[in-house]
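Visitor: coords below, sequence missing:
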């Protein structure tokens, strides 16, 4: 039996009467350690500071937020551990359709009205289930995915009542670990017995990771046709079309998803970016104005949103409104790390639009000359920085920014987009030359690191590849080979805690940038085999 007196709970509810009612019900169930949050922002701040066993959240929180969006923000930003239960409270019958289609579903949901004993039974059932999954959660949070997968496999037999849930977790771990083929096999096994929407979406994701975009789309289109509330499937359909180069179609799909679910900032942001890319600056301004408005009160605000809004406004030829956006950026985002560079870039873009080449050049030189220059900007905005440099005859500075983009490009699509930008700027030859230079740099770095390792200079190989990572921190090929050098050193020279930690961090960075990379599974297996060889607990 679960000792409910030890359970800590956070109730997220704007209505004071409902807060009191839920607290009384929890107290009657034996849960007395209860705190409250009246908005999503307050909940996020409390959850950053403390870990709770249970979150009881009203679906309609207010202020343009709902419980589903809060859950997605908490999981995507790793604010709550897997062991924290999230239970949704709602009076909407259609939430059953929402939750059946959610990629990130709550642990349970309760339809209002309900009695205290109903709440007690549902919470206790969720806690009992959590106990069965807790060993897997602990392994995942330690980074030990292979053993977590092994536990899930064994638990499918031990806990047959939750077999499907363990299968789902195992498949998701394979996706996260870059094992697309194994994830595909598991999702196909599930679908052979039950045509559950989340398994069809999972299979589409596994196919996407293998760049089998046509097959992924053939699964996603029926999903959105059958359930228009399946916004996660719309997101992946948009991503699939974008990866296939169909930007206009990708934008249209995302616009439809946004109409159905208008509050998720990440989705709105991507719609704004696609609208700019396809030349629909009116739509981009409308969407990005909403992103900026929501961002001012968000724990996940980003000064880059103002820059994107400036881009949209300049695309419409509205320099006056763009200048107002820059003033708002300085005022509302003061104190954030990227605010100064985003302000400088936005100002330069306005000067370029107005034909004020000298002032634009000064703003750009200031930005590039600052400590770390534009290193913290996203690759997309670095592309805008390069474009502005070429527009103001800062050829050398522009070339250096492009080199930085190409050195840290996570995939060939980023390199291709950068070449297209240079082609638009009348510098197609420069794009080809810089791409060749980067390829040669990476090839030489990897070859030199391998040569040192082959000659037995494992220390030299590690130091050389770590220097290469500092030079190209976002290049997946360099990250892979630096990780391999570290692991080879551990294999040949004995356990080294610092090297193991560096290897794991770089492996996770590479996984985040290119989860479908074919080299990931072997590298991950090598790492965990070394842990077992030296008897190290992950």
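Guide: The structure has been received and is ready for your questions. Model, not experiment: these values are computed from the prediction.
Visitor: sort out which residues of stretch 447-459 are buried, please.
Guide: 449, 450, 452, 453, 458 (16 or more other C-beta atoms under 10 Å). C-betas here are computed from N, CA, C, even on glycine.
Visitor: centre of the chain to it, how far?
Guide: Centre-to-centre, stretch 447-459 and its host chain are 35 Å apart (C-alpha atoms, centre = their mean, to the nearest Å).
Visitor: what does it contact?
Guide: For stretch 447-459, contacts defined as C-beta atoms under 8 Å, 6 or more residues apart in numbering pick out 460, 461, 464, 465, 468, 481, 482, 485, 488, 489, 492, 493.
Visitor: stretch 279-295 too?
Guide: With C-beta under 8 Å, 6+ apart as the test, stretch 279-295 has contacts from 64, 251, 255, 258, 263, 265, 268-269, 271-272, 275-276, 301-302, 305-306, 308-309, 311-313, 315-316, 325, 328.
Visitor: chain neighbours aside, what residue packs nearest to residue 141?
Guide: Distance criterion C-beta to C-beta, 6 or more residues apart in numbering; nearest residue to residue 141, sequence neighbours excluded, is residue 81 at 6.2 Å.
Visitor: was I right about the one you found contacting residue 140?
Guide: No. The criterion here is C-beta atoms under 8 Å, and residue 81 misses it with residue 140 at 9.3 Å.
Visitor: these two: who's more crowded?
Guide: A direct count of neighbours by other C-beta atoms under 10 Å for residue 81 and residue 140 places residue 140 higher, at 22 against 13.
Visitor: helix or strand for the residue lying closest to that one once chain neighbours are set aside, just tell me which one.
Guide: Nearest in space to residue 140, with sequence neighbours left out and distances taken as C-beta to C-beta, 6+ apart, is residue 148 at 4.9 Å. Here residue 148, judged by DSSP states H and E, is contained in helix 145-158.
Visitor: circling back to that earlier point, now restrict the contacts of stretch 447-459 to buried residues only.
Guide: Looks like these have 460, 461, 464, 465, 468, 481, 482, 485, 488, 489 buried, using 16+ other C-beta under 10 Å.
Visitor: return the member of these nearest to residue 112.
Guide: Taking C-beta to C-beta as the measure, residue 112 sits nearest to residue 482 out of the buried ones among the contacts of stretch 447-459, at 53.6 Å.
Visitor: next one: the closest residue to the closest one other than its chain neighbours, what pLDDT does it get?
Guide: The shortest distance from residue 482 to any non-neighbouring residue, by C-beta to C-beta, 6+ apart, is to residue 465 (3.9 Å). According to the prediction, residue 465 has pLDDT 94.
Visitor: can you check the one 10 residues further on too?
Guide: In this model, residue 475 is scored at 87, pLDDT.
Visitor: returning to that earlier point: does the residue nearest to residue 141 belong to a helix, a strand or coil?
Guide: State at residue 81, reduced to three classes by DSSP: H, G, I helix; E, B strand; the rest coil: coil.
Visitor: what's near enough to touch it?
Guide: 51, 137, 141.
Visitor: out of those residues, which is most surrounded?
Guide: Neighbour counts for these peak at residue 137, which has 17 neighbours (criterion: other C-beta under 10 Å).
Visitor: and the strand or helix carrying that residue, what's its mean pLDDT?
Guide: Assigned by DSSP H and E, residue 137 belongs to helix 116-141. Computed over helix 116-141, the mean pLDDT rounds to 93.
Visitor: so what secondary structure elements neighbour that helix?
Guide: helix 16-29, strand 54-58, strand 85-90, strand 108-111, helix 145-158, helix 163-176 (3 or more C-beta pairs under 8 Å, 6 or more residues apart in numbering; DSSP states H and E).
Visitor: number of nearby residues for residue 424?
Guide: Residues lying near residue 424 (other C-beta under 10 Å) number 11.
Visitor: need the three-state assignment for the nearest residue to it once chain neighbours are set aside.
Guide: Nearest non-adjacent residue to residue 424, counting by C-beta to C-beta, 6+ apart: residue 387, 7.9 Å away. Judged by three-state DSSP, the three-state class of residue 387 is helix.
Visitor: tell me the pLDDT of residue 387.
Guide: pLDDT, residue 387: 90.
Visitor: that one touches residue 425, doesn't it?
Guide: Yes. In this structure residue 387 lies within contact range of residue 425 using C-beta under 8 Å: 6.2 Å.
Visitor: which stretches of the stretch 401-538 of the chain form helices?
Guide: 412-424, 428-454, 458-471, 476-493, 497-513, 520-533 (DSSP state H, counting those that start in this stretch).
Visitor: relative to helix 497-513, how tilted is the third one?
Guide: Which is helix 458-471. Orientation of helix 458-471 against helix 497-513 (axes from the mean of the first three to the mean of the last three C-alpha atoms, to 10 degrees) gives an angle of 40 degrees.
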